[in-house]
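J.: Based on what follows, work out the 3D shape:
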Amino acid sequence: MRSFLPALALIALGGCGSAGEDAREQALSLARDDIACAASEDCCAVVDGCLASVLLVSATDRQAATDLLARAPNDMCLACITPPVQVDCRAGRCVAVELVADGSGAGDYPGAFSQDHCGALEVPPGWQESPAAATASRGALAVQTVIGCGE
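T.: Model prediction:
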């Protein structure tokens with residue numbers, strides 16, 4: 001019986017750690033590149049503050065992603081700033097695009113773009129959608145499902 005108790009303790013501890021990892025993985029699985037939309041508000045950005053990343057999810061999955069990330073472990077977080085991300089419905093599909101400074105030096109950091117939000121926000125002066133998000137072949141926006149710092 002005594003050798004059985006340590007085994008149970010290890011299983012219990014392992015279960016606690018994996019439950020948190022599963023929550024983050026489940027939230028990440030909600031970030032997709034094939035989210036159909038009819039309006040900008042159908043597309044949402046959900047921030048994983050621990051990993052300084054923004055997930056592109058549907059409006060119907062927003063609360064589930066938020067709840068899952070709230071349960072995810074925060075023991076291996078990044079010391080990084082969450083990038084500003086624009087979400088929108090374009091050509092019937094949700095897109096997420098990082099904002100970058102346009103080089104003019106105008107405008108403050110667009111903090112609202114680094115928080116949970118649904119639908120496109122007005123891009124402030126001094127900022128633009130990342131030119132790297134446009135594909136050379138069609139000029140269409142490349143779909144990103146998770147945008148994080150340093151990416």
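J.: Tell me where the chain is predicted with low confidence.
T.: By pLDDT under 70, the weakly predicted segments of the chain are 1-21, 132-145, 149-151.
J.: can we see that at 90?
T.: Scanning the chain with the threshold set as pLDDT under 90 gives 1-22, 33, 74-76, 78-81, 103-108, 130-151.
J.: Going along the chain, name the helices of it.
T.: Along the chain, counting by DSSP state H, helices occupy 4-30, 62-71.
J.: Same question for the shortest one: list its buried residues.
T.: Taking 16 or more other Cβ atoms under 10 Å as the basis for neighbour counts, the residues of helix 62-71 that come out buried are 62, 65-66, 68-69. All C-beta spots, glycine's among them, are computed from the backbone N, C-alpha and C.
J.: Let me know the closest of those to residue 121.
T.: Each of these was scored against residue 121 by Cβ to Cβ, and residue 62 proved nearest at 15.3 Å.
J.: residues in contact with that closest one?
T.: Contacts for residue 62 (Cβ atoms under 8 Å, 6 or more residues apart in numbering) come out as 44, 46, 116, 118.
J.: For the protein, give the strand that spans the most residues.
T.: The residue-count maximum for a strand in the chain (DSSP state E) belongs to strand 93-101.
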